[in-house]
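> give me a 3D structure for the following:
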Amino acid sequence: MAATSVSSSKKTTTREIHRVVVTGVGAVTPLGNNLESSWANCLAGKSGIGPITRFDAAKFNVRFAGEVKDFPVDAYVPKKEQKKMDTFIHYTMACTQMAMEMAGLKVDPEQAHRAGAIIGVGMGGLPTIEEQFLKMHERGPDRLSPFFIPAVITNLAAGQVSITHGLRGPNYSVTSACASGAHSIGEAVEYIRRGTCDVMVAGGAESTICGLGIGGFAAMRALSTRNEEPTRASRPFDKDRDGFVLAEGAAILILESLEHAEKRGAQILCEVTGYGVSSDAHHMTNPAPEGAGAAIAVRRALEDARMNPSEIQYVNAHGTSTPVGDELETLALKKAFGDHSKKLWVSSTKSMTGHTLGAAGAIEAAFCVMALKDQAVPPTINLENPGEGCDLDYVPTTARQGKLTSVLNNSFGFGGTNACLIFSQI
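Sure thing, here's the model as predicted:
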């Protein structure tokens, strides 16, 4: 176990840096209502994107999305509690339960102060905000639900998890647009590394498929408009990509110190070895020229993991299917990995899930964990003709088997925020 010395003019101390492992994962995505089905469909190259069913989208320029289908909310949230939570919290509660069951974890009340929750959420309860505004507009302010505010604010994802599972450690939400899930995992890792906590529930959740969500992103011209062929709409790195596909879902990882996991005999899935962050400091929506900010985050993750670029075999790319973003992420990988970039397997699972915003980094982290477990890399579907500047190995169409020891997860968001995570076999 690594240790580091911290010096000052008065004294020198040694602080133990604890290794952090993943012992449980839960996921709800457009590909399935649990991790197993989501991962199986991901490896099979299936698309979770289709016509919108949540509302009448006939008048919208974009009429498709990556919806979670037939979600069994009653299995995870008591009926009397459901109306107190927006859908993104429902998904969070389900993923947490699944992850804790996989980890075989139940928090000891006497040690609860050493267990916490950090859940990333990009936009909060947008469908409920829309619904409650219309109710107020049509029927008056006295018709607003008393649960409206706690149902929609982002930190109630972590709050409800903490209440349900008795976690008395850190409890908050990270909101950093499409990097929220990755930042949440990274920040949770730091609490364990420095010995503040033994266990953290971390991940991301989002559900914004409503008129405001679809209409707002469409007004930015950020979304694909392939209404006639929705399963082919998300096509990262392809020359015919025309925008991302809005989607929803959640994923939760159970993180523990290696000592804690070994002491209780937990199954260890992998180790979180690197976490790197940066800011583009450039534009509110466009990435920095030549992917400069993203490259810094990748390098910092490698430095944090004390790894050479050649030690990474696979990158789960941010890969949103936007004309500018995919090309600049490719440039960032070339900057960070140099000649090794040509040997990397790079894929975007957003080609199948769509873009789940604040949940994306967490869902893709879950897929990275499974890639290490099964020694398999999911494909980038709909990649038929690589676009200009997109000349890496993006694992087109079909999944691959290969020897994986360390993998990288990229997450970048509006405002120029970047977060990268490295997961490794232990």
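> only C-alpha atoms for contact and neighbour calcs from this point on.
OK.
> can you give me the strands for the stretch 201-350 of the chain?
249-257, 270-279, 314-316, 345-347 (DSSP state E, counting those that start in this stretch).
> Arg300: what's it in contact with?
Tyr275, Gly276, Val277 (C-alpha atoms under 8 Å, 6 or more residues apart in numbering).
> which one among the residues you listed gets closest to Ser406?
Tyr275 (12.9 Å; C-alpha to C-alpha).
> list the beta-bridge partners for that closest one.
Under DSSP bridges, the beta-bridge partners of Tyr275 are Leu421.
> from what I see, it and Ala301 are in contact.
Yes: in this structure, Tyr275 is within contact of Ala301 by C-alpha atoms under 8 Å, at 4.5 Å.
> quick one, which of these two is more surrounded?
It is Tyr275, of Tyr275 and Ala301, that has more neighbours when counted by other C-alpha atoms under 10 Å, with 28 against 23.
> among the strands of the stretch 201-350 of the chain, which is the most enclosed?
Most buried of the strands of the stretch 201-350 of the chain by mean neighbour count (mean count of other C-alpha atoms under 10 Å) is strand 249-257; its value is a mean of 32.
> mind listing the strands it pairs with, and their directions?
Its sheet considered, strand 249-257 pairs with strand 20-28 (antiparallel), strand 199-206 (antiparallel) by DSSP bridges.
> any idea which of these gets closest to Ala295?
Shortest distance between Ala295 and the strands paired with strand 249-257, using C-alpha to C-alpha, is found for strand 199-206: 23.0 Å.
> next, count neighbours for Gln401.
For Gln401, using other C-alpha under 10 Å, the count is 11.
> in a markdown table, list the contacts of Arg300 along with distance to Thr175 and pLDDT.
Shown next, in a markdown table, are the contacts of Arg300 (distance: C-alpha to C-alpha, whole Å; pLDDT from 0 to 100):
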| residue | distance to Thr175 | pLDDT |
| --- | --- | --- |
| Tyr275 | 17 | 98 |
| Gly276 | 17 | 98 |
| Val277 | 14 | 98 |
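> and of these, the nearest to Leu35?
Nearest member of the contacts of Arg300 to Leu35, counting by C-alpha to C-alpha, is Tyr275, at 23.3 Å.
> what's the closest of the strands of the stretch 201-350 of the chain to Gly203?
Gly203 lies closest to strand 249-257 among those, at 4.4 Å (C-alpha to C-alpha).
> I'd like the distance between Pro72 and Cys210.
Applying C-alpha to C-alpha, to the nearest Å, the value for Pro72 to Cys210 is 20 Å.
> looking at the two, which has the bigger crowd around it?
Shown here are Pro72 and Cys210; by other C-alpha under 10 Å, Cys210 has more neighbours (20 against 12).
> mind listing what the more buried one touches?
Arg54, Phe55, Leu126, Pro127, Glu130.
> any chance of a PyMOL selection covering the buried ones in these?
With 16 or more other C-alpha atoms under 10 Å as the criterion, this PyMOL line picks the buried residues out of the contacts of Cys210:
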select buried, resi 126+127
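> quick one, the lengthiest helix in the chain and strand 199-206 angle?
Longest helix in the chain by number of residues (criterion: DSSP state H): helix 87-103. With axes from the mean of the first three to the mean of the last three C-alpha atoms, to 10 degrees defining the directions, helix 87-103 sits at 140 degrees from strand 199-206.
> can you list contacts of helix 87-103?
With C-alpha under 8 Å, 6+ apart, helix 87-103 has contacts from 23-28, 34, 73, 76-77, 82, 106, 124-125, 151, 156-157, 160-161, 201, 204-207, 249-254, 266-267.
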